[in-house]
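Participant: need coordinates for the below:
(one chain, ligands or ions: 4)
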Amino acid sequence: MHQIPEDGTSLPLMEEFYTIQGEGFNTGKAAYFIRLGGCDVGCHWCDVKESWDAELHPLTPADTIVDNASKFPSKAVVVTGGEPLIYNLEYLTRQLQSKGIKTFIETSGAYPLSGNWDWICLSPKKFKAPRPDILPLAHELKVIVFNKSDFEWAEQHAKSVSADCKLYLQPEWSKAKEMTPLIVEYVMNNPKWEISLQTHKYLNIP
Ligand SMILES: C[S@@+](CC[C@H](N)C(=O)[O-])C[C@H]1O[C@@H](n2cnc3c(N)ncnc32)[C@H](O)[C@@H]1O
Ligand SMILES: Nc1nc2[nH]cc(C(=O)O)c2c(=O)[nH]1
Ligand code: SF4
Ligand SMILES: [Mg+2]
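Facilitator: Ligands and ions are numbered 1, 2, ... in the order given. Modelled structure (predicted):
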C-alpha cells in the first residue's frame, strides 16, 4: 500500500507528457501534462480507466515532477488524472508557480480544492457530484454529453458558476456521432454555451 504523504511532497504519477491541450478554453496551446493516479468517481465512459487504481502508479517526488516540467518550452502545466484533487496539491502548484509555470487543473470537483491555480476546468459528474464550494471558483465548466439528460445537468451547474466562467459542452467520445448534432443545435439555441471537442484524438497525439 502507498503511504501518500499528506503534505503533497510525493504523488502517485501515472504519466507525464508534453502535448497540446486538446479540450476546452485552452485548446491548441502547448502544455506539460501531469496525470496523477487514483479516482473513485466511476464514470462508466471514462477514457483513462487505467488511472483509477492509485496503487498501480509510483509515488513520485513533486520536486522531480517540477524539474521534468521545467525542461519544456511551454510554461503551462495541466494537472489531471484520475482525480487530482484526491491529493493535496498545495506544494506541487507552489513549486510550479515559483518557476514561472502556469498551473491548470482538470477536475470533477468531487474532492476539496487544494493548490493555487491559474485555470480551473471543472467537469461535473453525475456519479459523484462536485462539492458546491468549487463551482464559483471554476474558470471553465466543461460538461460531457453522453445522453440528452446531460443538457439539464449542464444547466443545473451553470447556475452556480461565476458570471465570467466559460461554458462548454463536450461530446462523450463513444457517443460523439450521435450527440454532436444535438450539441450543435443546443449551442445555436443557447449561445452562452460553446462546443469543446477532444481535438487531440482527431490529431492522434497524446
Ligand atoms: C480523464 S478526466 C481527468 C480529470 C478529472 N477526473 C475529471 O474528470 O475532470 C479529464 C477530462 O476528460 C473528460 N473525459 C473523460 N472521459 C471522456 C470521454 N469518454 N469523452 C469525453 N470526455 C471525457 C473528463 O470529463 C475531463 O474533463
Ligand atoms: N491533449 C490532451 N488534452 C487533454 N485535455 C484534457 C486531458 C485529460 O485527460 O485530462 C487531455 C489529454 O489527455 N490530452
Ligand atoms: S472523474 Fe475523471 S478520471 Fe474519474 S472516472 Fe470520471 S472522467 Fe475518469
Ligand atoms: Mg484525456
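Participant: report the distance from the helix or strand harbouring Val184 to the chain centre.
Facilitator: Using DSSP states H and E, Val184 sits within helix 176-189. Offset of helix 176-189 from its chain centre (CA atoms, centre = their mean, to the nearest Å): 22 Å.
Participant: same for it, what does it pack against?
Facilitator: If contacts are counted by 3 or more CB pairs under 8 Å, 6 or more residues apart in numbering; DSSP states H and E, helix 176-189 sits against strand 140-145, strand 166-171, strand 193-195. No exception for glycine: its C-beta is placed from N, CA and C like everyone else's.
Participant: looking at those, which is nearest to Gly115?
Facilitator: strand 140-145 (16.2 Å; CB to CB).
Participant: before we move on, back to that, mean neighbour count and distance to ligand 2 added to the helices and strands packed on helix 176-189, as a markdown table?
Facilitator: Putting these into a markdown table (neighbours: other CB atoms under 10 Å; distance: least, CB to the nearest ligand atom, whole Å) gives the following:
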| stretch | mean neighbour count | distance to ligand 2 |
| --- | --- | --- |
| strand 140-145 | 24 | 9 |
| strand 166-171 | 22 | 10 |
| strand 193-195 | 17 | 15 |
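Participant: dihedrals phi and psi, whichever residue of the chain sits closest to ligand 1?
Facilitator: Using CB to the nearest ligand atom, the single residue of the chain nearest to ligand 1 is Ser123, 3.3 Å away. Dihedral pair for Ser123: phi -120, psi 90, per degrees, to the nearest 10.
Participant: could you measure from it over to Thr9?
Facilitator: 27 Å (CB to CB, to the nearest Å).
Participant: just give me the neighbour total for His57.
Facilitator: Using other CB atoms under 10 Å, His57 has 22 other residues around it.
Participant: okay, Lys159: pLDDT?
Facilitator: Predicted confidence (pLDDT) at Lys159: the value is 98.
Participant: again, but for Ser162
Facilitator: Looking at Ser162, its pLDDT is 98.
Participant: what's the closest non-adjacent residue to it?
Facilitator: Closest residue to Ser162 apart from its sequence neighbours, by CB to CB, 6 or more residues apart in numbering: Pro136 at 5.3 Å.
Participant: contact partners for that neighbour?
Facilitator: Listed by CB atoms under 8 Å, 6 or more residues apart in numbering, the contact set of Pro136 reads 160-162.
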